[in-house]
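Q: got a sequence here, can you model it:
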Amino acid sequence: MEYAGPVREALLPYGKQWLDEEDIEAVVQVLRGELITQGPAIERFERRVAEYAGVRYAVAFCNGTAALHGACFAAGIGDDDEVITTPITFIASSNCVLYMGGKPVFADILPDTYNINPAEVERLITSRTKAIIPVDFTGQPVDMDRINELARKNNLVVIHDAAHSLGASYAGKKVGSLAHMTMFSFHPVKHVTSGEGGMIVTDDEHYYKRLLLFRNHGMTRDAAVMQKNDGPWYYEMSELGYNYRMTDIQAALGHSQMGKLDHFVDRRREIAGAYNEALSGLDGLVLPFQHEKSDSSWHLYMIRFEQGKFTADRREIFEAFRENNIGVNVHYIPVYHQPFYKNKVNEVVHCPEAETYYQTCITLPLFPRMNEHDVADVITAVLKIYKQYYSGI
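A: Below you'll find the predicted structure:
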């Protein structure tokens, strides 16, 4: 079908939450109750996520960035410690290292999955390396066998940034059970939402206690660890922590949403499958590659327009999608491109695969509430723009 005008009349965003009456009622119940923060809804949400991931402990935070900050604190990252992570991620994955006085070190990505390259991680390990923060980009788990092998060999902590991969699995194991600590995000474009929110899950009791301390001002009322106890009102601040607590309002929404997680992930996989079927075989259009050990939860669906095979650059193609009311996006600008990293971190970074990826990638809309008409509109727009700009070379 030929379109003289836009494919759609209204903009289709790249991601969006899906809330129903059950979610709304869960929040209303908290609002009508005694406690809207520091109440029982927090522990209930934590327990549900921990059980889903197959681990013993979970600590909720006000957002995913705060959760990563907490994980770096629990891992003992400090001044001049090096932490290896990927440049193709949101800035929080490396900013959390800077918050603790450490130094992010960027390892290049694999050319197929766009996840961090374990060989590059190994090359960058030094005597100052304290941890690895691998990121499950787009929802596809990283090569955790290799990452954990490097961690064991070099006595490193693995903080798994799974902001994109709640509901995914690797080698038959749920994400959340594959590292020392794993972070989930509950931002509205993620698999389930609590508005804003994040969580660290772990099987390690030491990390669990450190995380609890950190999110609550570094403050404790535990008589077993306090230096003195003046009475039932007494508390002590033993560490420099933060007020990173989640509210019961957020937790109630997140707990309700967890009941829909598997359905949401299944729908994401259906949409990704429809894209794969409709768009495969187009010369110059690179579709997502899935590693045989990974079962992605499909937070994002990325396509790439190979350089030299189209008469337009990525910006012109991006704007063509927007003109057709398809709300594409770009994930992500390499972190080391950011002015702060150039001016303050000031390290020479060599990540040619990340550079090539960034110049050619576009994120298509993918979220569970998309109907079949929405999916068809995205496919139509891709084919229309492909036909418009493909050079045939």
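Q: point to the residue nearest the middle of this structure.
A: With distances taken as CA atoms, centre = their mean, the residue of the chain nearest its centroid is Ala163 (2.2 Å).
Q: hang on, that one in a helix?
A: No - counting by DSSP: H, G, I helix; E, B strand; the rest coil, Ala163 falls outside a helix, being coil.
Q: that one contacts Asn63, correct?
A: No - here Ala163 does not reach Asn63: they are 10.3 Å apart, not a contact under CB atoms under 8 Å. (Each C-beta comes from the backbone N, C-alpha and C, glycine too.)
Q: hey, what's in contact with both of these two?
A: Counting by CB atoms under 8 Å, 6 or more residues apart in numbering, the contacts common to Ala163 and Asn63 are 185, 187, 198.
Q: what is the nearest of those to Gly15?
A: Among the shared contacts of Ala163 and Asn63, His187 lies closest to Gly15 (CB to CB), at 9.0 Å.
Q: what secondary structure does the closest one sit in?
A: Secondary structure, three-state DSSP: His187 is coil.
Q: how near is Ile333 to Ile88?
A: Between Ile333 and Ile88 the distance is 9 Å, computed by CB to CB, to the nearest Å.
Q: quickly list what's touching both of the two.
A: Tyr358.
Q: more neighbours, these two?
A: The residue with more neighbours, out of Ile333 and Ile88, is Ile88; 26 against 14, by other CB atoms under 10 Å.
Q: surely the more buried one meets Thr138?
A: No - contact criterion CB under 8 Å: Ile88 and Thr138 do not qualify, at 9.8 Å.
Q: overlap in contacts, these two.
A: Jointly contacting Ile88 and Thr138 under the rule CB under 8 Å, 6+ apart are 114, 331.
Q: can you list the domains in the chain?
A: If you go by automatic domain parsing, the domain ranges for the chain are 21-258, 261-389.
Q: among the ones you listed, which comes closest to Val7?
A: Distance to Val7, taken as CB to CB, is lowest for domain 261-389 among these, at 4.3 Å.
Q: residue boundaries of the helices in the stretch 51-200 of the chain?
A: Here the stretch 51-200 of the chain has its helices, by DSSP state H, counting those that start in this stretch, at 64-74, 92-99, 118-124, 144-154.
Q: ranking the ones you listed by burial, who's on top?
A: helix 64-74 (a mean of 27; mean count of other CB atoms under 10 Å).
Q: before we move on, the earlier item: could you dump the helices of the stretch 51-200 of the chain into CSV and include mean pLDDT and distance to Glu319?
A: Shown next, in CSV, are the helices of the stretch 51-200 of the chain (pLDDT from 0 to 100; distance: least, CB to CB, whole Å):
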stretch, mean pLDDT, distance to Glu319
helix 64-74, 98, 30
helix 92-99, 98, 28
helix 118-124, 98, 33
helix 144-154, 98, 38
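Q: would you mind putting the domains of the chain into TSV with distance to Leu11 alongside?
A: Conversion of the domains of the chain to TSV gives the following (distance: least, CB to CB, whole Å):
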stretch	distance to Leu11
domain 21-258	15
domain 261-389	5
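Q: so where's the stretch 251-393 of the chain uncertain?
A: Where the stretch 251-393 of the chain drops to pLDDT under 70, the residues are 346, 393.
Q: one more time with 80
A: The model of the stretch 251-393 of the chain has pLDDT under 80 over residues 346-347, 392-393.
Q: thinking again about what came up before, give me the neighbour count for the nearest residue to the residue nearest to the centre of the chain once chain neighbours are set aside.
A: Among residues not flanking Ala163 along the chain, Ser185 sits closest, at 3.8 Å (CB to CB, 6 or more residues apart in numbering). Ser185 has 29 neighbours, counted by other CB under 10 Å.
Q: Ser185 and Asp161: what is the separation?
A: In this view, Ser185 and Asp161 are 9 Å apart by CB to CB.
Q: Asp262 now?
A: The spacing between Asp262 and Asp161, counted by CB to CB, is 22 Å.
Q: the two - which one has more neighbours?
A: Counted by other CB under 10 Å, Asp262 and Asp161 do not tie: Asp161 has more neighbours, with 31 against 13.
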